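[1] Here is my input, please return the structure:
(chains A and B)
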Amino acid sequence: MEAYFEWLQGLSLPLWIAESDSIWGFPSVLFLHSLGMGLSAGSAFVIGLRLLGAGSPLLVSSLRVMPRIFWAGFILNFLTGSLLFAAHATQTGFIPIYYAKLLLIAAGTLLFVPMRRFIDSAGSDGTVPGRVKVLAALSIAIWVGVITTGRLIAYMG
Amino acid sequence: MNLNLVHLHLLLNHVPTVGLIVAFGLLLLAFAKRSDDLKRASLAVYFAIALMSLPTYMTGYSAERAVKNKPGVSQDTVVRHQRAALLGLIFVEATGVVAWFGLWRNRRPGGATWHVPAVVVLSVVTIGLVAGAANIGGEISHPEILAGGQAPSGTVAPEWLESARIARYQFSHPWAWPTLEAIHFIGLSLLFGIVLLGNLRILGLLRTAAFFDIHRLLPWGVWGFVLNSVTGMLFFIGQAFQYVDNPSFHWKVVFMLLAGANVLYLTLFDDIWALGSGADAPSFAKFVAGSQIFLWVGVLYFGRMLPYIGGAF
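    Down below sits the predicted model:
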């Protein structure tokens, strides 16, 4: 594993991101990662809140564009997150909380599939079933967890 | 630059004192004239004062540094002024938040209920606290006010509001800073999500939603903003001198004030309120919506750049 982390960290792009003093290096990747967080966690929060009943006159079907914003943020963060990891692989790779974050992201994205199916369904403007509400509450909790574990990585190792 | 920020403090410190009296006067006039427009204008002024009071408090650290070790200046007076100012700031912000909720509730059937009386009570207390802080502030550079051995003004602000104490607490508890950071990023995402929802509707992306339905979710964005103002001010108090001269921080505050003022557009203006399901917003509304997304992304950018452009941490 360590050999793989070293190989990853030695690639030219991760090396440049880690070592360059340019504002276009590490700082910009970090900014894009925060922007992606705002897009994905932000739309997950909006969808979750509405499914739990906040702003209930707002038609759930009108939120159909939000999952697309979520996935746009997700892709941005998959890319920038991979770069941030690669740049410090030999440190971050040994921080347990980093793997907790990855697990939470996996759970959060998996949850999005049935939630999106409900939003896209013909009956989404009727009552929100209890099952979907549970998913919505879980989704909010999971993205709060992703942000928290992500923030804590900076303080470990 | 430093001198400019001291000037700015001496200029801005009139905003809470004079502004609150103006806003209170407008509210009384609104009652006398039974005018809903005047009432909304007054609430909007309270909200604007809450925004402007943030840089008023923060530039105080530059002023504090300018008078440090200056002969004839009592450091004890400076510390009492700072403590009184923080208590005043907390009340100014609380009044601003209640005023925003009043504006928001005013849009809905039944209108604002408890919000306006709450603003009246809060602002009477706040005017007292802010005037008290201003009084001590005046004694810093003008000890001649205290003629004939008169005792300096006291403050009701508790000692734990002293910024050095708050900073010491944060640094003697290793969990404090990471916890505040996590909350700051959660608040950011919540605020950003609601900003996207409201403004993308105006831009035409969620066109099937009526704007007055989206409006009901706006308080969640305001709660995100409250979370981030509180945690952000705690960062500032903990490490003030990492921020006061940091150009990235100056830009962040400028963008935040513009974006914050912009938020009023979402609840105050009739051209977007009337947007029914499927309706297209006027181009001016789209311009405002686009600028609002741009401004919040700017706040995020300069926040993230604090360590890199300004060299904090």
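
[2] Quick one: distance of stretch A:97-117 to the chain centre.
    Offset of stretch A:97-117 from its chain centre (CA atoms, centre = their mean, to the nearest Å): 8 Å.

[3] Please spell out which residues along that stretch are buried.
    Applying a neighbour-count criterion of 16 or more other CB atoms under 10 Å in any protein chain shown, one finds A:97-98, A:100-101, A:104-105, A:107-109, A:111-112, A:115-116 buried in stretch A:97-117. C-beta here means a position set from N, CA and C on the backbone, and glycine is covered the same way.

[4] hmm, that stretch in reach of chain B?
    No - counting by CB under 8 Å from any CB of the partner chain, no contacts exist between stretch A:97-117 and chain B, the nearest distance being 11.0 Å.

[5] if we look at that stretch, which residues are touching it?
    Stretch A:97-117 has contacts (CB atoms under 8 Å, 6 or more residues apart in numbering or on different chains) with A:44, A:47, A:51, A:67, A:70, A:74, A:85, A:92, A:132, A:135-136, A:138-139, A:142-143, A:145-146, A:149-150, A:152-153, A:156.

[6] cutoff 7 Å now
    A:47, A:67, A:70, A:74, A:92, A:132, A:135-136, A:138-139, A:142-143, A:145-146, A:149-150, A:152-153, A:156 (CB atoms under 7 Å, 6 or more residues apart in numbering or on different chains).

[7] how many neighbours does the residue of chain A found nearest chain B have?
    Residue of chain A nearest chain B, by CB to the nearest CB: A:Gly42 (2.9 Å). When counting by other CB atoms under 10 Å in any protein chain shown, one arrives at 28 neighbours for A:Gly42.

[8] okay, the residue nearest to it when sequence neighbours are not counted: pLDDT?
    Among residues not flanking A:Gly42 along the chain, B:Gly193 sits closest, at 2.9 Å (CB to CB, 6 or more residues apart in numbering or on different chains). Per-residue pLDDT puts B:Gly193 at 97.

[9] Is it correct that B:Gly193 is in contact with A:Phe45?
    Yes - counting by CB atoms under 7 Å, A:Phe45 is a contact partner of B:Gly193 at 4.6 Å.

[10] out of the two, which sits in the busier spot?
    Using other CB under 10 Å, the more surrounded residue of B:Gly193 and A:Phe45 is B:Gly193, with 29 against 24.

[11] In contact with the more buried one, which residues?
    A:Gly42, A:Ser43, A:Phe45, A:Val46.

[12] Looking at those residues, spot the one nearest B:Ile309.
    A:Gly42 (24.4 Å; CB to CB).

[13] Which strand or helix spans the closest one?
    helix A:26-51 (DSSP states H and E).

[14] Could you do A:Pro57 as well?
    Under DSSP H and E, no helix or strand contains A:Pro57.

[15] contacting residues for it?
    By CB under 7 Å, 6+ apart, the contact set of A:Pro57 is B:Asp213, B:Arg216.

[16] Give the burial count for residue 81, as a bare number.
    Just so you know, I chose chain A. Neighbours of A:Gly81 under the rule other CB under 10 Å: 20.

[17] try chain B instead
    26.

[18] swap in A:Pro96?
    Close neighbours of A:Pro96, defined as other CB under 10 Å, add up to 10.

[19] Repeat that for A:Gly126.
    9.

[20] Helix, strand or coil: sort out it for me.
    coil (DSSP: H, G, I helix; E, B strand; the rest coil).

[21] where's it relative to B:Thr56, distance?
    As judged by CB to CB, to the nearest Å, A:Gly126 and B:Thr56 stand 50 Å apart.

[22] repeat for B:Ile140
    The value you get for B:Ile140 to B:Thr56, if CB to CB is used, is 15 Å.

[23] Please say which of those two ends up with more neighbours.
    More crowded of B:Ile140 and B:Thr56, by other CB under 10 Å: B:Thr56, with 24 against 20.

[24] Looking from chain A, tell me which residue of the stretch 101-250 of chain B is nearest.
    Nearest residue of the stretch 101-250 of chain B to chain A, counting by CB to the nearest CB: B:Gly193, 2.9 Å away.

[25] Would you list the phi and psi of that residue?
    The phi and psi values for B:Gly193, taken as degrees, to the nearest 10, are phi -60, psi -50.

[26] ok, which stretches of the stretch 51-200 of chain B are helices?
    Assigned by DSSP state H, counting those that start in this stretch, the stretch 51-200 of chain B shows helices spanning B:75-106, B:115-141, B:163-172, B:176-203.
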